[in-house]
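Chemist: Curious how this folds, go ahead:
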Amino acid sequence: MSMGPIQLRASLHETIWGGENLRAIAGKDVPHGKRIGESWETALEAVATNAPYAGQTLGDLTRRYGVALIGSRAEAVFGERFPLLTKFLDARADLSVQVHPNDEYAAAHEGGQLGKTEVWYILHTEWGARVVYGLRHETTHDEVRQAIANNTLEEMLHSVEVRPGDVIFVPAGTVHAICAGVALYELQEYSDITYRLYDYGRLQADGRPRALHVEQGLAVMRYVPQTFERVTPLIRGSRRVLVGCHYFMLEELALEGELAGTVRPTSCQIVTVLDGQCEIDSAAGTVALARGATTVLPATIGPHTLIGRDARVLRSWIPEADDADLAAWRAAQPFPVEE
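Modeler: Predicted coordinates:
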């Protein structure tokens with residue numbers, strides 16, 4: 001069975017820390033005056049807009065087509081579910097300080113869900129914008145709990161300035177926060193498990209503080225400083241391999257004219273247009289993507305062509321253990337890559 005590309009309508013999510021930047025940065029239809037923090041590109045609830053899938057959600061299509069859509073490698077790594085979630089994020093205020101569990105903890109304590117390893121591709125920053133990444137010094141479970149209770153956790157956190165083009169790999173267990181003035185593209189395991197350790201004492205619209213998950217966070221966080229993993233992309237002609245790990249690969253393509261698509265019969269691929277326009281043509285269907293649009297290429301899509309007009313495109317997939325790009329990317333990094 002050959003499947004064509006699946007074009008998706010992203011869902012916008014209002015947050016206390018969001019803004020309106022995704023209108024300019026990602027072409028999203030952000031309502032004026034709304035604090036839109038996230039655009040979920042491959043949400044299970046995202047609705048397909050092109051024939052023959054129009055009107056069906058990505059979750060529906062995954063259940064219907066199974067491995068023909070996600071691929072055998074994706075099924076082996078993630079099980080019978082859509083494997084990856086991609087988002088655009090706009091932080092007009094600091095996000096909470098948080099940490100995500102790994103797969104083993106999530107399976108045991110969160111009803112069989114996935115953990116969350118993720119990567120950030122920085123798209124826009126205001127002057128001096130920063131992210132929190134790990135701890136300044138080695139510490140202990142009890143010291144972190146006391147700092148949270150005393151509202152002094154920020155003194156323990158390692159923060160760094162970021163700029164557009166930075167690629168930051170965030171393995172599960174890394175204490176982190178995206179801070180005000182940063183907009184980015186995020187690729188992650190398909191999981192919505194977030195343990196908030198600290199939220200600056202902020203109140204929700206109803207006047208109550210947001211829930212914290214201190215004990216869960218303390219159970220999964222890493223207590224030693226980590227190398228700040230601002231990664232080194234691997235140049236492959238018109239491609240830049242941005243990050244690679246057991247869960248995903250992410251690359252950036254510069255497209256002007258036609259490029260033969262990479263056939264990956266064991267993994268679906270996710271394509272998002274950052275700039276310009278891109279058309280994806282296959283025997284089973286064609287889609288035209290404007291800036292900010294996302295499509296899923298099923299594992300069974302077969303030969304296809306990407307046609308770009310001043311286009312900058314992100315493409316992700318689940319690698320085989322012997323994926324040549326994965327091995328080369330790892331070898332190019334100045335630090336051992338943790339997963």
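Chemist: C-alpha only now, for contacts and for neighbours.
Modeler: Noted.
Chemist: Report the next helix or strand after the strand or helix carrying residue 251 in sequence order.
Modeler: Using DSSP states H and E, the element containing residue 251 is strand 249-260. Note on strand 249-260: by DSSP H and E, the next helix or strand toward the C-terminus is strand 269-282.
Chemist: Sheet partners, orientation included, of that next one?
Modeler: Using DSSP bridges, strand 269-282 pairs in its sheet with strand 285-289 (antiparallel), strand 294-297 (antiparallel), strand 304-317 (antiparallel).
Chemist: What are the boundaries of the helices in the chain?
Modeler: 22-26, 58-65, 67-70, 72-78, 103-109, 141-149, 214-220, 324-332 (DSSP state H).
Chemist: quick one, domains of the chain?
Modeler: 6-220, 234-332 (automatic domain parsing).
Chemist: quick one: terminal-to-terminal distance for the longest one?
Modeler: The reference is to domain 6-220. End-to-end distance of domain 6-220 (C-alpha to C-alpha, to the nearest Å): 36 Å.
Chemist: that older thread, and the domains of the chain as CSV, adding mean pLDDT and mean neighbour count?
Modeler: Output for the domains of the chain, formatted as CSV (pLDDT from 0 to 100; neighbours: other C-alpha atoms under 10 Å):
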stretch, mean pLDDT, mean neighbour count
domain 6-220, 95, 19
domain 234-332, 96, 20
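Chemist: May I see these organised as a markdown table, with distance to residue 228 added?
Modeler: Formatted as a markdown table, the domains of the chain follow (distance: least, C-alpha to C-alpha, whole Å):
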| stretch | distance to residue 228 |
| --- | --- |
| domain 6-220 | 7 |
| domain 234-332 | 14 |
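Chemist: Residue 227: which of those is closest?
Modeler: Closest of these to residue 227 is domain 6-220, at 8.6 Å (criterion: C-alpha to C-alpha).
Chemist: Distance from that closest one to the middle of the chain?
Modeler: 7 Å (C-alpha atoms, centre = their mean, to the nearest Å).
Chemist: one step back: what's the closest of the helices of the chain to residue 291?
Modeler: With C-alpha to C-alpha as the yardstick, what comes closest out of these is helix 22-26 (6.3 Å).
Chemist: other SSEs contacting the strand holding residue 251?
Modeler: Contacts defined by 3 or more C-alpha pairs under 8 Å, 6 or more residues apart in numbering; DSSP states H and E place strand 249-260 against strand 239-244, strand 304-317.
Chemist: Using a markdown table, lay out those strands together with distance to residue 337.
Modeler: Written out in a markdown table, the entries for those read as follows (distance: least, C-alpha to C-alpha, whole Å):
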| stretch | distance to residue 337 |
| --- | --- |
| strand 239-244 | 9 |
| strand 304-317 | 18 |
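Chemist: Looking at these, spot the one closest to residue 269.
Modeler: Smallest distance to residue 269 across the helices and strands packed on strand 249-260 (C-alpha to C-alpha): 4.7 Å, for strand 304-317.
Chemist: Report the angle between the closest one and strand 249-260.
Modeler: On the basis of axes from the mean of the first three to the mean of the last three C-alpha atoms, to 10 degrees, strand 304-317 is oriented at 180 degrees to strand 249-260.
Chemist: in terms of contact, does residue 69 touch residue 268 like I think?
Modeler: Yes: look at residue 69 against residue 268 with C-alpha atoms under 8 Å: they come within range, at 6.3 Å.
Chemist: Residues that sit against both of the two, list them.
Modeler: Listed as contacting both residue 69 and residue 268 by C-alpha atoms under 8 Å, 6 or more residues apart in numbering are 297, 298, 299, 300.
Chemist: Now distance to residue 223 too, for those, in CSV please.
Modeler: CSV is the format used below for those (distance: C-alpha to C-alpha, whole Å):
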residue, distance to residue 223
297, 39
298, 40
299, 39
300, 43
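Chemist: Sort out which one of the residues you listed lies nearest residue 246 for me.
Modeler: residue 299 (17.8 Å).
Chemist: Distance-wise, check the closest one relative to residue 187.
Modeler: 18 Å.
Chemist: same deal with residue 294?
Modeler: Applying C-alpha to C-alpha to residue 294 and residue 187 gives a distance of 12 Å.
Chemist: same question, residue 56
Modeler: 23 Å.
Chemist: circling back: compare the strands paired with strand 269-282 and give me the one nearest residue 174.
Modeler: With C-alpha to C-alpha, the closest approach to residue 174 among the strands paired with strand 269-282 belongs to strand 304-317: 22.1 Å.
Chemist: ok, the closest residue to residue 212 other than its chain neighbours - contacts?
Modeler: Nearest non-adjacent residue to residue 212, counting by C-alpha to C-alpha, 6 or more residues apart in numbering: residue 196, 4.9 Å away. Residue 196 makes contact with 96, 97, 98, 99, 211, 212, 213, 214, 217 under the criterion C-alpha under 8 Å, 6+ apart.
Chemist: how about 6 Å then?
Modeler: Neighbouring residues of residue 196 by C-alpha atoms under 6 Å, 6 or more residues apart in numbering: 97, 98, 212, 213.
Chemist: now the strands: where do they sit in the stretch 1-150 of the chain?
Modeler: Assigned by DSSP state E, counting those that start in this stretch, the stretch 1-150 of the chain shows strands spanning 6-9, 11-19, 36-40, 47-48, 84-91, 97-99, 118-125, 130-135.
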